[in-house]
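> quick one, what's the 3D model for this:
(one chain, ligands or ions: 3)
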Amino acid sequence: MKKYHIITYGCQMNEHDSENIAGLLEANDYVCSESSDDADIVVMNTCSVRENADKRFFGVLGQFKKRKQNNRDFILCVCGCMPQQPHIVEKIKKQFSWVDIVFGTQNIGMFPDLIKKRLETGEKQFAIVSNNPEIDEITIKPKRLYKHKALVNIIYGCNNFCTYCVVPYTRGREKSRSLENIVSEITCLAENGVLEVMLLGQNVDSYKDLAGYDFADLLQEVNKISGIKRIRFMTSHPKDISDKMIDCFASCNKLCKTIHLPIQSGSDTILKRMNRHYDVEKYLNIIDKLRKTVPDITISTDIIVGFPGETEEDFQKTLDIVKKVRYDSAFTFIYSPRTGTPASKFENMISEQTAHERFNRLVSLINKISLEKNQRYIDKEYGVMVEGISKNDKNRYTGRTDDFKLVNFTSDLSLDEIEGTIVPVLITGAKTFSLEGRTL
Ligand code: SAH
Ligand code: SF4
Ligand code: F3S
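Ligands and ions are numbered 1, 2, ... in the order given. Next comes the predicted model:
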């Protein structure tokens, strides 16, 4: 039996693509190896969202040169978002000649054929397309990473072209899967023991299938699937989120009380130059509506600091919105210019030093608020869906509350008894990024 190993970078889209790639390899008699050292085939599923993702990838790619020199039969593959950019493919061809197969985000179904051709002809294989019209019809059986929760794509691609972002260039135009296909996939997952689904899209709020169903309609239908206990989704876009969708938090009992709603910046001038199509007032209105519908909803966000032309005043406005919304958590990024995006040609780039200094101020404010929010959970009881043993402490289990808080807790129950169930946990302590507790 030949062995494969997949290295995954980037977001949950890539994580799910890797599940599909693993599914394809296993259907072709490959077995999974925990390490790349003894694998016959290594797949690097890449991300291109920021420069350090690029750098890390090329660093690791370089390390495989010796491996290839010592073993001509070893196969190295690159897929994901990086090869969707022509300049990256050129670079791979010129500087990384030991790469055997390169395929794009919309060619995953072709992978077994590419391996076959590589083995038969000895030639390198490159297959990259954009906007594959058949992407919804792909019927790959993924090898799921988790037993009880599953990632489910509902919409591919992105049409928004935020001026800093490479994703519309690497994932192509938006294409919603049909509601029928999504519901049948989730029904099948539920029949196989999945309790929680995460509906995925770069902008789930622009979901619309050919029959005219929108995201709120989809949530209503998924809510009806028996066996599913929790429904999550990401990412929401403030420009497209509708009242009809917000109402689903009241009408769909399985919808988790949490939302990831990226703000990116608290300055209207910057939001405009980012091409985000909303202002702070509109964003705060959405937050108000959400909190009126679900008073204890948890809210997380993404924020970029050091966008070209960001003044200290603009940055203060970002701090202001963080104080107003009081996020449960936030992913913070220093702006990173991406080849081919409009913002990479904007004037007034912010110095690294200023960006770092702002970044640190922002992170300490966010962490302070996260901790304060988490402390409010102490001495209360929550249902926690158990995901397994805690990574950092073998004596504790780990899981998530309905509102997405990470909980590490002790229990007298065995892993077999507890894994994949929702158990009541008393919260006894709070940290910035997690809660602590014990089962009752
Ligand atoms: N579709 C999602 C986000 C996808 S990328 C959305 O619209 O929210 C995840 C996050 O990476 C973005 O929200 C943004 O905060 C960050 N990001 C994207 N491009 C970036 C860049 N060039 N520099 C820094 N951060 C970036
Ligand atoms: Fe990138 Fe904007 Fe699309 Fe999100 S909505 S993936 S940030 S272009
Ligand atoms: Fe995701 Fe990175 Fe691509 S964030 S969509 S893997 S560029």
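
> ligand 1 contacts on the stretch 151-300 of the chain?
164-165, 167, 202-203, 235, 237, 262, 264 (CB under 6 Å from any ligand atom). The way it works is simple: take the backbone N, C-alpha and C, and place the C-beta from them, glycine included.

> Throw those residues into CSV and include pLDDT, secondary structure and distance to residue 334, thanks.
Output for these, formatted as CSV (pLDDT from 0 to 100; DSSP: H, G, I helix; E, B strand; the rest coil; distance: CB to CB, whole Å):
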residue, pLDDT, secondary structure, distance to residue 334
164, 98, coil, 11
165, 98, coil, 14
167, 96, helix, 18
202, 96, coil, 21
203, 97, coil, 23
235, 97, coil, 20
237, 98, coil, 22
262, 98, coil, 15
264, 98, strand, 13
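
> among those, which ones lie close to ligand 3?
When contact is defined as CB under 6 Å from any ligand atom, those meet ligand 3 at residue 167.

> would you agree residue 366 falls within a helix?
Yes: under DSSP: H, G, I helix; E, B strand; the rest coil, residue 366 falls within a helix.

> so it makes contact with residue 328?
No: if you go by CB atoms under 8 Å, residue 366 and residue 328 don't touch, sitting 9.7 Å apart.

> in the stretch 201-350 of the chain, what residue lies closest to ligand 3?
residue 202 (6.9 Å; CB to the nearest ligand atom).

> okay, and residue 66 sits in which element?
Using DSSP states H and E, residue 66 maps to helix 65-70.

> now stretch 360-377: mean pLDDT?
The average of the pLDDT scores along stretch 360-377 is 98.

> stretch 293-306 too?
98.

> is it true that residue 437 lies in a strand?
Yes: remark: residue 437 belongs to a strand, assigned using three-state DSSP.

> show me what it is bridged to.
Here residue 437 sits in beta bridges with residue 409, residue 427, going by DSSP bridges.

> my guess is it contacts residue 406, does it?
No: judged on CB under 8 Å, residue 437 makes no contact with residue 406 at a distance of 11.1 Å.

> for residue 244, give me its contacts.
Neighbouring residues of residue 244 by CB atoms under 8 Å, 6 or more residues apart in numbering: 214, 216.

> can you confirm it is in a helix?
Yes: counting by three-state DSSP, residue 244 falls inside a helix.

> from residue 215, how far off is it?
Separation of residue 244 from residue 215 (CB to CB, to the nearest Å): 9 Å.

> then residue 74?
Where residue 215 is concerned, residue 74 sits at a distance of 44 Å (CB to CB).

> before we move on, the earlier item: elements contacting the helix or strand just after the helix holding residue 66?
Next in sequence after helix 65-70, counting helices and strands by DSSP H and E, comes strand 75-80. Here strand 75-80 touches helix 12-27, strand 41-46, strand 101-103, helix 111-121, going by 3 or more CB pairs under 8 Å, 6 or more residues apart in numbering; DSSP states H and E.

> would TSV of these with mean pLDDT and distance to residue 188 be doable?
Shown next, in TSV, are the helices and strands packed on strand 75-80 (pLDDT from 0 to 100; distance: least, CB to CB, whole Å):
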stretch	mean pLDDT	distance to residue 188
helix 12-27	96	14
strand 41-46	97	24
strand 101-103	96	27
helix 111-121	95	22
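
> could you list the low-pLDDT ranges of the stretch 101-250 of the chain?
Along the stretch 101-250 of the chain, segments meeting pLDDT under 70 span 135-138.

> quick one, helices of it?
For the stretch 101-250 of the chain, applying DSSP state H, counting those that start in this stretch gives helices covering 111-121, 167-171, 179-191, 215-223, 243-251.

> so is stretch 99-110 next to ligand 1?
No: Stretch 99-110 stays out of contact with ligand 1 when judged by CB under 6 Å from any ligand atom, the minimum separation being 13.8 Å.

> need the residues that contact that stretch.
Here stretch 99-110 makes contact (CB under 8 Å, 6+ apart) with 13, 17, 20-21, 24, 61, 75-81, 83-84, 89, 92, 111, 114-115, 118, 124-132, 135, 138, 140, 156, 170-172.

> give me the subset of those touching ligand 3.
Among those, the residues that sit close to ligand 3 (CB under 6 Å from any ligand atom) are 13, 80-81, 170-171.

> wait, doesn't residue 371 sit right on residue 429?
No: if you go by CB under 8 Å, residue 371 and residue 429 don't touch, sitting 11.2 Å apart.

> and the residue nearest to residue 309 when sequence neighbours are not counted, which of the three is it?
Of all residues not flanking residue 309 in the chain, residue 348 sits nearest, at 4.2 Å (CB to CB, 6 or more residues apart in numbering). Secondary structure, three-state DSSP: residue 348 is coil.

> residue 272 too?
Residue 272 - assigned by three-state DSSP - is helix.

> what's the neighbour count on it?
Residue 272 has 14 neighbours, counted by other CB atoms under 10 Å.

> apart from its neighbours in sequence, what residue is nearest it?
Among residues not flanking residue 272 along the chain, residue 279 sits closest, at 7.9 Å (CB to CB, 6+ apart).

> also residue 64?
residue 76 (5.3 Å).

> and residue 149, by the same measure?
Of all residues not flanking residue 149 in the chain, residue 196 sits nearest, at 3.9 Å (CB to CB, 6+ apart).

> who's the one you found bridged to?
Per DSSP bridges, the residues bridged to residue 196 are residue 149, residue 230.

> contact partners for the residue in the stretch 51-200 of the chain that ligand 3 sits nearest to?
Going by CB to the nearest ligand atom, ligand 3 is nearest to residue 81 of the stretch 51-200 of the chain, at 3.3 Å. For residue 81, the contacting residues are 10, 14, 46-49, 105, 166-167, 170-171, by CB under 8 Å, 6+ apart.

> what is the neighbour count of the closest residue to it other than its chain neighbours?
The shortest distance from residue 81 to any non-neighbouring residue, by CB to CB, 6+ apart, is to residue 170 (3.8 Å). Residues near residue 170, counting by other CB under 10 Å, number 28.

> list the contacts for residue 170?
48, 81-82, 84-85, 105.

> what distance do you get for it to residue 128?
10 Å.

> still on that earlier bit, looking at residue 437 and residue 406, which is more packed in?
A count of neighbours by other CB under 10 Å puts residue 437 above the other of residue 437 and residue 406, at 28 against 17.

> contact partners for that one?
Each residue near residue 437 by CB under 8 Å, 6+ apart is listed here: 382, 384, 407-410, 425-429.

> who's in contact with residue 173?
Residue 173 makes contacts with 131, 157-159, as judged by CB under 8 Å, 6+ apart.

> may I see those residues organised as TSV, with neighbour count added?
Formatted as TSV, these follow (neighbours: other CB atoms under 10 Å):
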residue	neighbour count
131	12
157	24
158	22
159	13
